[in-house]
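# How does the following fold in three dimensions:
(2 chains)
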2 protein chains.
Amino acid sequence: MGAGAVGCYYGAMLARAGHKVTLIGRAQHVEAVQRSGLRLQTADFDQQIQLNASSEPDAVRGAQIILFSVKSTDTEAAGNALAPYVERNTAIFTLQNGVDNAERLAATLGREVIPAVVYVAVEMAGPGHVRHHGRGELVIGPSESSRAIVAAFAAAGVPVEISSNVAGALWAKLIVNCAYNALSAITQLPYGRLVQGAGVPAVMDDVVDECLAVALALKVQVPGNMHEAVRRLAQTMPAQYSSTAQDLARKKTTEIDHLNGFVVRKGEALGVRTPVNHTLLSLVKALESRHG
Amino acid sequence: MGAGAVGCYYGAMLARAGHKVTLIGRAQHVEAVQRSGLRLQTADFDQQIQLNASSEPDAVRGAQIILFSVKSTDTEAAGNALAPYVERNTAIFTLQNGVDNAERLAATLGREVIPAVVYVAVEMAGPGHVRHHGRGELVIGPSESSRAIVAAFAAAGVPVEISSNVAGALWAKLIVNCAYNALSAITQLPYGRLVQGAGVPAVMDDVVDECLAVALALKVQVPGNMHEAVRRLAQTMPAQYSSTAQDLARKKTTEIDHLNGFVVRKGEALGVRTPVNHTLLSLVKALESRHG
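All right, here's what the predicted structure looks like:
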């Protein structure tokens, strides 16, 4: 559900391994997939993969698992659209940015939803065409179906790890996104050139410190050294523009409310000051408002 | 010296009252003024005013007063260019943004320089054409020549006040500039639409608080309620874009190092945290860097 780059990539990998997969997404994309399959382009192969596609949420009927990969801004709306068709035994995983999507979808559907952390660099190169730039592993929370999922994905070439600290892993990813997404969006610079900006690494340090203070107040254990992880990303992906930068350039609504905006809201609720995250949030919102 | 909008306005007002004025500025502008005078367009009149113009700093020879109105980034360079030609009895006033220009020019010239605070809305509408949008008063520091200046300017229709707290007035103006200039530049929004942005007034409040903390550490008495003054500006000048926004749009170097950058440097030296000013500074510098 949500046939963006992430949904298409994992759907295609499963279909390639022989699983019956249906992509649910926008009409333009669905038509392209129905016409000639999904083109998955990676460093190792470039294949046209046949799978089902639909723009109707009732296509989830009978699914063993649902990979839920809509934008964080659309979680409730997409959840409500699915609700009438989700069956009792279906396992549902959120493959989304932000840390509270599984919780929000669980509240919308009134049932268990398993959070997943996605580590993959993919982009839509056009309708029915997804391009893979690297990685692809998932970290998921423990559940009745998690072990079966690990086996099925492993057979499809997708490494999945079960972690008892998915919240920490989601926060670690959130913090990296908080450090890069807004800054890359506001300046419309790729990560490599962005961090060469005088003062930019120090701004990122401030963002990370504020996020860690909020995580600490929430008693979330964030693994690893986040300052180090943030510094590393610009080295490994110097040409990358953040999804927020891409959304802003295309005049689309960004996920900023679920990135820096989430940290600001939690900080306010917990009495933790987050002035730099708040500044970045406000600037992205102001830039969004220019699109009317 | 520095025939931008501010220098042209005060020069033209003095010339209009019968004073002998020479504008020193860039060749393109100087040629236009030499050819057909300076067009000064206000709500009350629209006049072609005859005055001298030169692109050579030796044109200051014999001046009774020098109004120094180059960009804050050019203070030292312009001071050094003037130095050989400045006479002992000449009174020198800085009519610039930023709070330390008089001090910097005094250090460059090795002599007294009197700071002035400029309250005027003017813009260059083209070479040899300045447009006045409102106000025009000056506040200057006490000096031997300050009383004579007040009289001469008053006769020319320019209200000048002598204040023993020019530093406080310069800081008050700096703080308003810190609140608006970078935000308007980054978003390319005029003040009215800018402050409608969700969170933007709160960002401005953070900027003001940080500036006031630095001013306090410097023992500068900032007059009035700065939060109130900042809120008022968007109401009185809703269509205004900051000079920083205009510079950035024209791919020119901005004065940001002398606005938020000044506050950040002073804060660092004094141990006062200025994360929001630092974020705005870094973003403007990153946007400048996009111009190569």
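# surely A:Ala234 meets A:Tyr191?
Yes. Counting by CB atoms under 8 Å, A:Ala234 touches A:Tyr191, with 4.3 Å between them. Where you see a C-beta, it was placed from the backbone N, CA and C, and this is true even at glycine.
# Now do the shared contacts for the two.
Common neighbours of A:Ala234 and A:Tyr191 (criterion: CB atoms under 8 Å, 6 or more residues apart in numbering or on different chains): A:Tyr180.
# what about A:Ala154, which helix or strand?
helix A:146-155 (DSSP states H and E).
# How about residues contacting that helix?
With contacts defined as CB under 8 Å, 6+ apart, helix A:146-155 is touched by A:13-14, A:17, A:19, A:65, A:91, A:93, A:114, A:138, A:140, A:159-162.
# Over to stretch A:64-79?
For stretch A:64-79, with CB under 8 Å, 6+ apart as the criterion, the contacting residues are A:1-4, A:6-7, A:10-11, A:57, A:60, A:82, A:86, A:89-98, A:101, A:104-105, A:108-109, A:113, A:145, A:149, A:253, A:255, A:257-258.
# Buried ones among those residues?
Using 16 or more other CB atoms under 10 Å in any protein chain shown as the burial test, the contacts of stretch A:64-79 include A:1-4, A:6-7, A:10-11, A:57, A:60, A:82, A:86, A:90-98, A:101, A:104-105, A:108-109, A:113, A:145, A:149, A:255, A:257-258 as buried.
# I'd like the list of those residues that fall within helices, please.
A:Val6, A:Gly7, A:Tyr10, A:Gly11, A:Leu82, A:Asn101, A:Arg104, A:Leu105, A:Thr108, A:Leu109, A:Ile149 (DSSP state H).
# which residues touch the nearest residue to the fifth one once chain neighbours are set aside?
In other words, A:Leu82. Distance criterion CB to CB, 6 or more residues apart in numbering or on different chains; nearest residue to A:Leu82, sequence neighbours excluded, is A:Pro57 at 5.0 Å. Counting by CB under 8 Å, 6+ apart, A:Pro57 makes contact with A:Met1, A:Ile24, A:Ala78, A:Ala81, A:Leu82, A:Tyr85.
# go on, A:Lys266?
A:Val214, A:Ala217, A:Leu218, A:Val272.
# Please work out how many residues are found near the last one.
Okay, so that is A:Val272. 19 (other CB atoms under 10 Å in any protein chain shown).
# was I right about it contacting A:Leu212?
No. The pair A:Val272 and A:Leu212 does not pass the contact test of CB under 8 Å, sitting 9.9 Å apart.
# Toward the C-terminus, what is the element adjacent to the longest helix along chain A?
Identified as the longest helix of chain A according to DSSP H is helix A:166-187. Next helix or strand after helix A:166-187 toward the C-terminus (DSSP H and E): helix A:191-195.
# if you average pLDDT over that next one, what comes out?
What helix A:191-195 shows for mean pLDDT is 97.
# Am I right that A:Tyr119 sits in a strand?
Yes. Assessed by DSSP: H, G, I helix; E, B strand; the rest coil, A:Tyr119 belongs to a strand.
# what does the stretch 101-250 of chain A have sitting close to chain B?
Residues of the stretch 101-250 of chain A lying near chain B by CB under 8 Å from any CB of the partner chain: A:183, A:186-189, A:193-194, A:196-200, A:202-203, A:206.
# where do the strands sit along chain A?
Listed in chain order, the strands of chain A (DSSP state E) span residues A:22-24, A:38-41, A:46-49, A:52-54, A:65-68, A:91-95, A:114-126, A:129-140, A:160-162.
# Looking at those, which is nearest to B:Val176?
Nearest to B:Val176 among the strands of chain A is strand A:114-126 (42.9 Å), distances taken as CB to CB.
# List the buried residues of the closest one.
A:Ile114, A:Pro115, A:Ala116, A:Val117, A:Val118, A:Val120, A:Val122, A:Glu123, A:Met124.
# quick one: which of those residues is nearest to B:Ser242?
Of all the buried residues of strand A:114-126, B:Ser242 sits closest to A:Glu123, with 35.6 Å by CB to CB.
# So in terms of bridging, what pairs with that closest one?
A:Arg131 (DSSP bridges).
# so who does it touch?
So A:Glu123 contacts A:Ala5, A:Val130, A:Arg131, A:His133 (CB under 8 Å, 6+ apart).
# Name the nearest residue to the second one, ignoring sequence neighbours.
What it means is A:Val130. Among residues not flanking A:Val130 along the chain, A:Cys8 sits closest, at 4.2 Å (CB to CB, 6+ apart).
# I'd assumed A:Thr22 was in contact with that neighbour.
No. Between A:Cys8 and A:Thr22 there is no contact under CB under 8 Å: 11.9 Å.
# that older thread, which of the contacts of helix A:146-155 count as buried?
Looks like the contacts of helix A:146-155 have A:Met13, A:Leu14, A:His19, A:Ile65, A:Ala91, A:Phe93, A:Ile114, A:Leu138, A:Ile140, A:Val160, A:Ile162 buried, using 16+ other CB under 10 Å.
# Hmm, the fifth one is touching A:Ser145, no?
Yes. Counting by CB under 8 Å, A:Ser145 is a contact partner of A:Ala91 at 3.9 Å.
# Common neighbours of the two, please.
Both A:Ala91 and A:Ser145 are in contact with A:Ile65, A:Ile114, where contact means CB under 8 Å, 6+ apart.
# ok so, going back, which of the contacts of A:Pro57 sits closest to chain B?
Proximity of these to chain B (CB to the nearest CB) peaks at A:Ala78, which lies at 24.2 Å.
# How many neighbouring residues does the closest one have?
Neighbours around A:Ala78, by other CB under 10 Å: 20.
# do A:Arg26 as well
When neighbours are defined as other CB under 10 Å, A:Arg26 has 12 of them.
# One more: the one 4 residues further on?
By the measure other CB under 10 Å, the count of residues near A:Val30 is 22.
# A:Ala27 now?
With other CB under 10 Å as criterion, A:Ala27 counts 11.
# Distance-wise, check A:Cys211 relative to chain B.
Distance, A:Cys211 to chain B, by CB to the nearest CB, to the nearest Å: 13 Å.
# just A:Val33 next, same as before
In terms of CB to the nearest CB, A:Val33 sits 37 Å off from chain B.
# Also A:Lys173?
When distance is defined by CB to the nearest CB, A:Lys173 is 22 Å away from chain B.
# so how many other residues sit close to the closest residue to A:Ile186 other than its chain neighbours?
Once flanking residues are discounted, A:Ile186 sits nearest to A:Leu283: 5.2 Å by CB to CB, 6+ apart. By other CB under 10 Å, 27 other residues sit near A:Leu283.
# what pLDDT, on average, does stretch A:234-242 get?
92.
# What residues of that stretch count as buried?
Under 16+ other CB under 10 Å, the buried positions of stretch A:234-242 are A:Ala234, A:Met237, A:Gln240, A:Tyr241, A:Ser242.
# Compute the first-to-last residue distance for it.
11 Å (CA to CA, to the nearest Å).
# Which residues are in contact with A:Arg104?
A:Arg104 neighbours (CB under 8 Å, 6+ apart): A:Thr75, A:Glu76, A:Gly79.
# at 6 Å instead, please
A:Thr75 (CB atoms under 6 Å, 6 or more residues apart in numbering or on different chains).
# swap in A:Cys178?
Here A:Cys178 is in contact with A:Val207, A:Cys211, A:Leu259, A:Asn260, A:Val263 (criterion: CB under 6 Å, 6+ apart).
# Tell me the spacing between it and A:Phe262.
9 Å (CB to CB, to the nearest Å).
# Now render the contacts of helix A:146-155 as JSON lines, adding pLDDT.
Below are those laid out as JSON lines (pLDDT from 0 to 100):
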{"residue": "A:Met13", "pLDDT": "98"}
{"residue": "A:Leu14", "pLDDT": "97"}
{"residue": "A:Ala17", "pLDDT": "97"}
{"residue": "A:His19", "pLDDT": "97"}
{"residue": "A:Ile65", "pLDDT": "96"}
{"residue": "A:Ala91", "pLDDT": "96"}
{"residue": "A:Phe93", "pLDDT": "97"}
{"residue": "A:Ile114", "pLDDT": "97"}
{"residue": "A:Leu138", "pLDDT": "97"}
{"residue": "A:Ile140", "pLDDT": "97"}
{"residue": "A:Pro159", "pLDDT": "97"}
{"residue": "A:Val160", "pLDDT": "98"}
{"residue": "A:Glu161", "pLDDT": "97"}
{"residue": "A:Ile162", "pLDDT": "97"}
